[in-house]
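Visitor: Predicted structure and sequence below. I'll ask about it afterward.
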Amino acid sequence: MIPYGRQQIDAADIAAVIDTLQSDFLTQGPKVPAFEQAVARQCQARFAVAMNSATSALHLACLALQVGPGDRVWTSPISFVASANCAVYCGADVDFVDVDASTGLMDPAQLAIKLEQAATTNTLPKVLIPVHLAGHSCDMQRIAALCQPYNIRIIEDASHAIGGYYQHRPVGCCQYSDITVFSFHPVKIITSAEGGMALCNDPALDNQLRLLRSHGITRDAADMTEASHGPWYYQQIGLGFNYRITDLQAALGLSQLDRLQQFVHQRIKATELYQQLLQDLPVELPAPAVDGVSAWHLYIVRMHQPAKRLQVFESLRAAGIGVNVHYIPIHTQPYYQKLGFDWGQFPDAEQFYSQIISLPLFAGITPAQQQQVADALRLACSEL
């Protein structure tokens, strides 16, 4: 089976983890801040806070922006459920902004209409979470310009997009957002096995994210409510969580980061080959990123005959091609239907979902494997 995505681990990664296993630190040690600083440099951001998952990073990003009961958070319906769940964890209400049906990215035109309507009913969101689907950045300049008059804070869910660029700057620089979140799950661009990171340029947000990551505990005397009792002393000054990443994971992530540009280049070359191999098939191929360079986490094609998607999907799986679908619209999930959402509310997201199949794409995929994918897809389409 050729998987839709997979990690690429080499001898340097293994050696980095072994070195950490043989060190004095397994949990919180020197590799965690080293990983954070390296990602911040890569992304041209001031601060980066590593966590045990991107879901945790999204949750703490919302809390750091003081999202709570009575607040509203808007995100994209085309994403993994964590993009919405993070707001629910905070007690906030969630809503969605429909996508461009050709890309699956949040549609600024529909955002503008929804904001105007919300302004008249006093239902504006406190935070907006655009999602950089498949490694393509949303149109962040336009999105930020729409949010600015309403003082809406922005969290970029860039779980798919480390290594990508928007307007010649790295995704993660937070030029048009308050916080950017990355994922380091094994199928992502680089991996720390499990892990995530929140980047920002505001020292107050950085401090809050660090407090929330580790039980709300501080050892900084400047933050304490009374004089320190001694070198052992700490205070819990807020309610936080155990969302820490380990030194083992950070060592792997730091090693992988050395090959980030290599991984992205390999993904770009693979998409170029797919463009050649699939151009004559009855599928819409993904377009290059607008105003930037995609990290190409996923290669999502859209069927010209959506009604035949299941048949093609099953045919590809039977041929050993590990295709997938990214994503089932969040608002159609049973949990969100219980909150009042239903099919028909975000038609462009639903249209996009009805057409899409994610083909295998990962650093290290070979031309022979891509030819196998193309041949299987051609056969599946010929049977329609």
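Guide: Nice, thanks for sending it over.
Visitor: Show me the strands in the stretch 1-150 of the chain, by range?
Guide: With DSSP state E, counting those that start in this stretch as the criterion, the stretch 1-150 of the chain has strands at 2-3, 47-51, 72-75, 93-96, 127-129.
Visitor: same for the third one, what does it pack against?
Guide: With contacts defined as 3 or more Cβ pairs under 8 Å, 6 or more residues apart in numbering; DSSP states H and E, the secondary structure elements packing on strand 72-75 are helix 82-89, strand 93-96, strand 127-129. Placement of C-beta: from N, CA and C, glycine included.
Visitor: Sheet partners, orientation included, of it?
Guide: strand 93-96 (parallel), strand 127-129 (parallel) (DSSP bridges).
Visitor: Nearest to P33, out of those?
Guide: Shortest distance between P33 and the strands paired with strand 72-75, using Cβ to Cβ, is found for strand 127-129: 26.7 Å.
Visitor: Hmm, D348 and A101 touching each other?
Guide: Yes - in this structure A101 lies within contact range of D348 using Cβ atoms under 8 Å: 4.0 Å.
Visitor: about what we covered before: would JSON lines of the strands paired with strand 72-75 with mean neighbour count and distance to C381 be doable?
Guide: Listed next are the strands paired with strand 72-75 as JSON lines, based on neighbours: other Cβ atoms under 10 Å; distance: least, Cβ to Cβ, whole Å:
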{"stretch": "strand 93-96", "mean neighbour count": "21", "distance to C381": "32"}
{"stretch": "strand 127-129", "mean neighbour count": "26", "distance to C381": "36"}
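Visitor: Mind putting those into TSV with mean pLDDT and distance to F25?
Guide: Below are the strands paired with strand 72-75 laid out as TSV (pLDDT from 0 to 100; distance: least, Cβ to Cβ, whole Å):
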stretch	mean pLDDT	distance to F25
strand 93-96	98	38
strand 127-129	99	33
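Visitor: For the ones you listed, give me TSV that also has distance to G238.
Guide: Conversion of the strands paired with strand 72-75 to TSV gives the following (distance: least, Cβ to Cβ, whole Å):
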stretch	distance to G238
strand 93-96	23
strand 127-129	19
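Visitor: Ok, which of these comes nearest A57?
Guide: Judged by Cβ to Cβ, the one of the strands paired with strand 72-75 that comes nearest to A57 is strand 127-129, at 11.7 Å.
Visitor: can you list the residues that contact the closest one?
Guide: 58, 62, 65, 67, 71, 73-76, 83, 86-87, 97, 111, 143, 147, 152-157 (Cβ atoms under 8 Å, 6 or more residues apart in numbering).
Visitor: ok, the residue nearest to K126 when sequence neighbours are not counted to N122 distance?
Guide: Once flanking residues are discounted, K126 sits nearest to D71: 4.3 Å by Cβ to Cβ, 6 or more residues apart in numbering. D71 sits 13 Å away from N122, going by Cβ to Cβ, to the nearest Å.
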